[in-house]
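[1] sequence first, then the predicted structure:
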There are 2 protein chains.
Amino acid sequence: MITVYGMRASGNCYKIQLLLAHLGQPCRWVETDSTTGQTRTPEFLAKNSNGKVPLLELEDGRTLPESDAILCYLAEGSRYFPDDRWLRAQTLQWLFFEQYSHEPYIAVARFVAKWLPADHPRQADLPRLRERGYQALDVMEKHLAVQNFFVAGTYGIADIALYAYTHDAAVGGFDFARYPAVTAWLRRVEAQPGFIAQTY
Amino acid sequence: MITVYGMRASGNCYKIQLLLAHLGQPCRWVETDSTTGQTRTPEFLAKNSNGKVPLLELEDGRTLPESDAILCYLAEGSRYFPDDRWLRAQTLQWLFFEQYSHEPYIAVARFVAKWLPADHPRQADLPRLRERGYQALDVMEKHLAVQNFFVAGTYGIADIALYAYTHDAAVGGFDFARYPAVTAWLRRVEAQPGFIAQTY
């Protein structure tokens, strides 16, 4: 059985739980709290020198970091990651969009607003985080106004990756009244067979 | 023939030039300067609503953004992107590492140090950019101390992606005396058949 080192409060880790639920594939989950140094121990750094979760460990001990690389690996051969060269490229472009233009703003705004005290200096980052986060939501809204899902109108790992931090972006102060197409897409994701909500 | 919208001063765009040089594949290059608004025109936003270069355009008009997704697409079937499921996953994890843990610090430090005036307020970001950039270089050094290239000891798109902003990271203030393995790897990349240097 595969092992996943992850933290349930992390959207990046929830992505893996959600895909495995769709696939009906069990895993051994090792809760690993990055906020208390559990990803910076010598034991963990030996598995992932970048000191981050999620981390996938195969039965033979091989390890794979990076949430979206783990999604691609686990979804290989399934309906959630198409074989077609162009559809794969489209999937990857949304995964890179998620990690570069979406997560650093939407996930970080959520973290600052939800977990840091009201007088923490990083609260000052929120206006810029929200400005860039809104840019990402604008891109999603434009796409979803004419497509049910991100790639070829079919639910897959691009949707899973983008759902992970979009579904509770309101916690970070994002106003979803501006995003009817994104909101409808969130509900379509939640209606997929095998869907599980994030618990934390 | 394919078209690439890109800016020669951008490492993300140079990645595509470098791969195409290795593949011996010609392209039509449309120089598109993001610093003067050329990626925010209505015409460009119709091709990429995220307003970024590089952007690949196929002969039939289909478009693909995100530098590392473009690398995967163009390298498909070549020696630069292995077919094996595990080696692909390893390649992808380095590409996501590059976009999340490397480029936002090393490329941005280079931009601030090289292109912005000495009294620009963003100069104040440099210490934090360098701290995080050094963390990325530490991860690379550890890996390259025991491997010639990033995936399976063989040159490929993970190396191309990481070379793009590492080769002139010194411009951003990074001291390479600390990184003998990274420095030796830079020279190995430059010795690959078909290698071209970034020109700008």
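    Received, thanks.
[2] need the contact list for A:Gly11.
    By Cβ atoms under 8 Å, 6 or more residues apart in numbering or on different chains, A:Gly11 lies in contact with A:Glu103, A:Ala107, A:Arg110, A:Ala164, A:Tyr165, A:Gln198. Bear in mind the C-beta positions are built from the backbone N, C-alpha and C, glycine included.
[3] and chain A, which residues reach chain B?
    Counting by Cβ under 8 Å from any Cβ of the partner chain, chain A comes close to chain B at A:49-50, A:62, A:64-70, A:72-73, A:76, A:85-86, A:88-90, A:92-93, A:95-97, A:99-101, A:103-104, A:138-139, A:142-143.
[4] can you list the domain ranges for chain A.
    A:3-75, A:85-190 (automatic domain parsing).
[5] how far is the helix ranked longest in chain A from where the chain is centred?
    Determined from DSSP state H, the single longest helix within chain A is helix A:126-144. Remark: helix A:126-144 is offset 16 Å from the chain centroid, using Cα atoms, centre = their mean, to the nearest Å.
[6] for stretch A:94-113, same thing?
    In terms of Cα atoms, centre = their mean, the centre of stretch A:94-113 is set 9 Å apart from its chain centre.
[7] ok, back up a step: quick one: mean pLDDT over the following helix or strand past the longest helix of chain A.
    Once the chain leaves helix A:126-144, the next helix or strand it forms, by DSSP states H and E, is helix A:157-166. For helix A:157-166, the mean per-residue pLDDT is 98.
[8] next one: stretch A:76-90
    97.
[9] stretch A:1-11 too?
    97.
[10] does A:Met7 touch A:Glu31 like I think?
    Yes: A:Met7 lies in contact with A:Glu31 (Cβ atoms under 8 Å); the separation is 6.6 Å.
[11] quick one, which of the two is more surrounded?
    Using other Cβ atoms under 10 Å in any protein chain shown as the criterion, A:Met7 and A:Glu31 rank with A:Met7 on top: 21 against 13.
[12] next, the more buried one: phi, psi?
    For A:Met7, the backbone dihedrals (degrees, to the nearest 10) come out as phi -130, psi 120.
[13] which residue ranges of chain A form helices?
    Going by DSSP H, chain A shows helices at A:11-23, A:42-47, A:67-75, A:85-97, A:103-115, A:126-144, A:157-166, A:180-190.
[14] buried residues in the longest one, which are they?
    Right, the one you point to is helix A:126-144. For helix A:126-144, a neighbour-count test (16 or more other Cβ atoms under 10 Å in any protein chain shown) marks A:126, A:129-130, A:132-134, A:136-137, A:139-141, A:143-144 as buried.
[15] give me the contact list for that helix.
    A:97, A:101-102, A:104-106, A:108-109, A:112-113, A:150, A:162, A:166, A:169, A:172-174, A:178-182, A:184-185, B:49-50.
[16] same deal with the fifth one?
    Where contact means Cβ under 8 Å, 6+ apart, the residues beyond helix A:103-115 that reach it are A:11-12, A:35, A:120, A:122-123, A:125-126, A:129-130, A:132-133, A:135-137, A:165-166, A:168-169, A:171-174, B:100, B:104.
[17] returning to what we had before: and which of the buried residues of helix A:126-144 is nearest chain B?
    Nearest to chain B among the buried residues of helix A:126-144: A:Val139, at 5.0 Å, using Cβ to the nearest Cβ.
[18] if I look at the closest one, how far off is A:Ile106?
    Look at A:Val139 and A:Ile106: by Cβ to Cβ, to the nearest Å, they are 12 Å apart.
[19] how close does the residue sitting furthest away from the middle of chain A sit to chain B?
    Distance from the centre of chain A peaks at A:Asp119, with 27.9 Å (Cα atoms, centre = their mean). Using Cβ to the nearest Cβ, to the nearest Å, A:Asp119 is found at 21 Å from chain B.
[20] show the pLDDT at that residue.
    With respect to pLDDT, A:Asp119 has a value of 96.
[21] A:Pro193 - how many residues pack around it?
    8.
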